[in-house]
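Trainee: okay, structure incoming, though there's no sequence with it:
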């Protein structure tokens, strides 16, 4: 489950979500109250005959129910755009830069500043325990700024860590970015959130947020260099 303070972005996202629901509930209660009031106040009473007095228009009410929803939409848009802009702004000089490359059906991680890499293999779910230990694992140091550079080697994928409350597509021929600071150590499950072929459900991963010492130790165990575009392919392009 997602907790406040998991990353630098989780709190603003939680607040936006909760406050949006509070505002929507308040509008709903007001609307339901007005509907019930109209039903009671203008019900047909015993002894009434014919139709009620007909009104062709009511200018103040028409202005009200046009202006108020417009103001509400603009307010919702302002707060949504404010948080979205803050969440999608790239950090000038992040402490850690990882080139995340999705592929059918696993993940490769290039740690750019450390000049290290790890190659992931597809999870083969058999119903037996032990699968999590074999999943591609992205290591991140706690309380250090991170930029994930998202690329795909083939079809479109989507990098999603539910506990981080963020998801971003990997689009062929384009690099997308996620910037955040992990603030709580732990192991977090990740997965591809874009239907990407036969074994989409097995395109799993983990994110390990660890201490700086453990992160540096893990980097020492990885191979030197970067695994780049030499393994990319374009399944939609002409056959060679």
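Mentor: Noted; the coordinates are in hand. The structure displayed is predicted, hence computed values, not measured ones.
Trainee: and residue 218, what is it in contact with?
Mentor: 139, 208, 210 (CB atoms under 8 Å, 6 or more residues apart in numbering). Glycine gets a C-beta too; all of them are placed from N, C-alpha and C.
Trainee: to what extent is the last one buried, counted in neighbours?
Mentor: Right, residue 210. By other CB atoms under 10 Å, the residues close to residue 210 number 18.
Trainee: next up, phi/psi of it, please.
Mentor: Dihedral pair for residue 210: phi -130, psi 170, per degrees, to the nearest 10.
Trainee: my guess is it contacts residue 139. True?
Mentor: Yes: with contact defined as CB atoms under 8 Å, residue 210 reaches residue 139; the gap is 6.2 Å.
Trainee: quick check: the residue sitting furthest away from the middle of the chain vs residue 41, distance?
Mentor: Most distant residue from the mean C-alpha position of the chain: residue 47, 59.8 Å away (CA atoms, centre = their mean). In this view, residue 47 and residue 41 are 17 Å apart by CB to CB, to the nearest Å.
Trainee: returning to that earlier point: now the contacts of residue 218 in JSON lines, with distance to residue 88 and pLDDT?
Mentor: Shown next, in JSON lines, are the contacts of residue 218 (distance: CB to CB, whole Å; pLDDT from 0 to 100):
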{"residue": "139", "distance to residue 88": "24", "pLDDT": "96"}
{"residue": "208", "distance to residue 88": "25", "pLDDT": "95"}
{"residue": "210", "distance to residue 88": "26", "pLDDT": "96"}
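Trainee: and residue 109, what helix or strand is that in?
Mentor: Per DSSP states H and E: residue 109 is located in strand 106-111.
Trainee: packing partners of that strand?
Mentor: If contacts are counted by 3 or more CB pairs under 8 Å, 6 or more residues apart in numbering; DSSP states H and E, strand 106-111 sits against strand 96-103, strand 116-119.
Trainee: just the helices in the protein please.
Mentor: Taking DSSP state H as the test, the helices found in the chain are 10-41, 59-88, 212-221.
Trainee: nearest to residue 183, of these?
Mentor: Between residue 183 and the helices of the chain, the shortest gap by CB to CB is with helix 10-41, which sits at 8.3 Å.
Trainee: mind listing what's buried in the closest one?
Mentor: For helix 10-41, a neighbour-count test (16 or more other CB atoms under 10 Å) marks 10, 13, 14, 16 as buried.
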